[in-house]
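Asks: Based on what follows, work out the 3D shape:
(2 chains)
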Amino acid sequence: MATEPNSERLIARYLLGDLPEEQQVEIEDRAFQDKDYLASITAVENDLIDEYVRHELSETERRRFEDRFLASAERRKRVEFARALATVASETAAVEKPAAISWRDSLKAFIRGLNPAGQFALAAIMLLLVLGGAWLLTETLRLRSQFTRLQAENQARQSERQALEQQIEAERKRNEELTARLNQEKQQREQTDESLRQLSETTDTTTPAPRPIIAALTLLPGVSRGGGEKPSLAMPQNARLVRLQIGIDPEDQYKSFAAELRTVAGRQIWTRGHLTARTHKGARSITLTVPAIALKPGEYELKLSGQTEGGATEDVGFYYFSVKK
Amino acid sequence: MFEGQDHAQLTTDTPGQASPPPARQKWTLTQEAFDKLLLALGGDRDSGSNKYLEIRSNLTRFFEWRGCPFPEDHADETFNRIAKRVAEGEAILNPSSYAMGVARLLLLEIIKGRQREQSALTEISNSGEVYVDSDDGESRLTCLRNCLQTLSTDNRDLILQYYQGEKSEKIRNRKQLMERLGIPVNTLRMRALRLRERLQGCVEECVRGA
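Replies: Model prediction:
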């Protein structure tokens, strides 16, 4: 229902009988075709009744009201009801406190209280705030994305660095191992050279130096530590060197070999690396020359290992023999 | 059976005069005439009944707005006249407009009748008749207070705040109500109107019972 004030004044005049017949007919015809308009008439009727009971009508209006509204019993009941309602409403007005106004209501009241220029300025500020907020949000998201990307790059670089460090460490260790092996072999070579030198010193320079006695032993794979007859080397007293010929499987194709000589107790007495195998009449073997002074009478174990193309070391076999004087 | 009164004129016998002309017979709304009326209003009995109630409500309001003392009786009289014309064979194209036309003619008769009565009763003041209803003001107040308690707290607060204060205070109260409920003025008005009608019905029932 939407009635303009002018329309309500017209309805009030109609209800008070203050309109010419043609206008009365117009209002009645409209009321009985338009339910909203009919409701408006009822609402204005109630307002007139309320104004009458509160003595808010002018003298002329009051007379007209009494003439029209007090004619029927039904309307008189409505007037009495309005009188009672006004009495009860005024009783409760004394004890009611005003309702607390929420911050929303205060804000609405404040905005409504502003003049048009003020409302426009407020709207402009709100718009700027919204746009500024949107820009800030976009910028924050962009920077966050950038930060995440940089963090990921940093992480990747750190991982790379760690990997390189590990690689360097591994190379360093390998270098140390190789250096240690080299030193060992140098020592062994020096020992051998010393033996040879000693051998040469004990002979007379005018007489032809006797050829050093070299003891030889052939070691074949398949002999276990505890089983069978182990090869035995009868060491001559004047032997200076011992030549060990180690037979290997022709299928053991390694880049190079290394030999490690130990007592059966596990004490290492001699090692040699970068050995190569030779093939003779279909058989493959490795020849080692060990100083005789290194081999005291006893049981020995020789470990042969091979180096693959990839640099890995694999055990090729274990050879057992004994030395007797 | 419905009985209505037509405007019949009766003459009385006096000695020495010729026999009086026969009195006009009263027209009575029979069941058959009422059924014909319903068919004329709506095509069938059910539609006709709905239309009858709608038009009767409008006619009652019309006579009330025009300040007639017995609006419901006048509405019934209007229907009696329409039913008589339908029984006589008159066709009705637009029942609502037709009824309003008959009601306006009846209103003219009522106004003329009241003017004749008022001129005859000169000792009664021009401010209008004095209507004396039973003095039930106190019981009406008690009934209203009781009926208010049957409303929900929100509805009770609404109706009381809506009618509190006078003039500018009343306007202020209604504005506060609108803002509190977040509804426009017309919606508030309709809510108050519906609650008022509900309360009025409750009060009248209570007063009748008392």
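
Asks: Does the closest residue to chain A within chain B belong to a helix, a strand or coil?
Replies: Residue of chain B nearest chain A, by CB to the nearest CB: residue B:67 (3.7 Å). All C-beta atoms are positioned from the backbone trio N, CA, C, and that covers glycine. Each residue gets one of three states, and residue B:67 gets coil by DSSP: H, G, I helix; E, B strand; the rest coil.

Asks: Next up, the contacts around it.
Replies: A:17, A:67-69, A:71-72 (CB atoms under 8 Å, 6 or more residues apart in numbering or on different chains).

Asks: Can you show me the helices along chain B?
Replies: Ranges of helices within chain B are B:31-42, B:45-65, B:71-87, B:95-120, B:137-149, B:153-162, B:168-181, B:185-209, based on DSSP state H.

Asks: Of all the residues in the second one, which ones are buried?
Replies: The one in question is helix B:45-65. B:48, B:51-52, B:54-56, B:58-65 (16 or more other CB atoms under 10 Å in any protein chain shown).

Asks: between these, which is nearest residue A:89?
Replies: The nearest member of these to residue A:89, counting by CB to CB, is residue B:64 at 25.0 Å.

Asks: Could you measure from that closest one over to residue A:30?
Replies: Noted for residue B:64: a distance of 17 Å to residue A:30, by CB to CB, to the nearest Å.

Asks: Stretch B:171-188 - what's its average pLDDT?
Replies: What stretch B:171-188 shows for mean pLDDT is 89.

Asks: Just confirm yes or no for that stretch near chain A.
Replies: Yes. Judged by CB under 8 Å from any CB of the partner chain, stretch B:171-188 comes into contact with chain A through B:176, B:179-180, B:186.

Asks: what sits against residue 158?
Replies: All of this is about chain A. Applying CB under 8 Å, 6+ apart, we find residue A:158 in contact with no residue.

Asks: look at chain B instead
Replies: B:177, B:181, B:191-192, B:195.

Asks: Name only those of those residues that count as buried.
Replies: B:177, B:191-192, B:195.

Asks: Can I get those in a markdown table including distance to residue A:234?
Replies: Putting the buried ones among the contacts of residue B:158 into a markdown table (distance: CB to CB, whole Å) gives the following:
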| residue | distance to residue A:234 |
| --- | --- |
| B:177 | 128 |
| B:191 | 129 |
| B:192 | 134 |
| B:195 | 132 |
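
Asks: Could you report the pLDDT at residue B:12?
Replies: Value listed for residue B:12 in the pLDDT field: 42.

Asks: What residues of the helix or strand bottoming out on mean pLDDT in chain A count as buried?
Replies: Among the helices and strands of chain A, helix A:103-113 carries the lowest confidence by mean pLDDT, DSSP states H and E, at a mean of 76. Within helix A:103-113, no residue is scored as buried using 16+ other CB under 10 Å.

Asks: Equivalent analysis for stretch B:82-99, please.
Replies: Of the residues in stretch B:82-99, B:82-87, B:95-96, B:98-99 count as buried by neighbour count, 16+ other CB under 10 Å.

Asks: Contacting chain A as well, which ones from those residues?
Replies: residue B:96.

Asks: Not counting its own residues, what contacts the least confident helix or strand of chain A?
Replies: Identification of contacts with helix A:103-113 by CB under 8 Å, 6+ apart yields A:101, A:119, A:122, B:179-180.

Asks: Just the buried ones out of these, please.
Replies: B:179-180.

Asks: what sits against the residue nearest the centre of chain B?
Replies: Nearest to the mean C-alpha position of chain B, counting by CA atoms, centre = their mean, stands residue B:60 at 3.1 Å. Residues near residue B:60 by CB under 8 Å, 6+ apart: B:71-72, B:75.

Asks: Closest one to residue B:164 out of these, please.
Replies: residue B:71 (31.3 Å).

Asks: Surely that closest one touches residue B:58?
Replies: No. Between residue B:71 and residue B:58 no contact is recorded; they are 10.9 Å apart, counting by CB atoms under 8 Å.

Asks: if we can go back for a sec, how about the contacts of helix A:103-113 in JSON lines, adding distance to residue A:168?
Replies: Shown next, in JSON lines, are the contacts of helix A:103-113 (distance: CB to CB, whole Å):
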{"residue": "A:101", "distance to residue A:168": "75"}
{"residue": "A:119", "distance to residue A:168": "72"}
{"residue": "A:122", "distance to residue A:168": "67"}
{"residue": "B:179", "distance to residue A:168": "78"}
{"residue": "B:180", "distance to residue A:168": "78"}
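
Asks: follow-up on the earlier one: can you name the next helix or strand after the least confident helix or strand of chain A?
Replies: Downstream of helix A:103-113, the first helix or strand assigned by DSSP states H and E is helix A:116-201.
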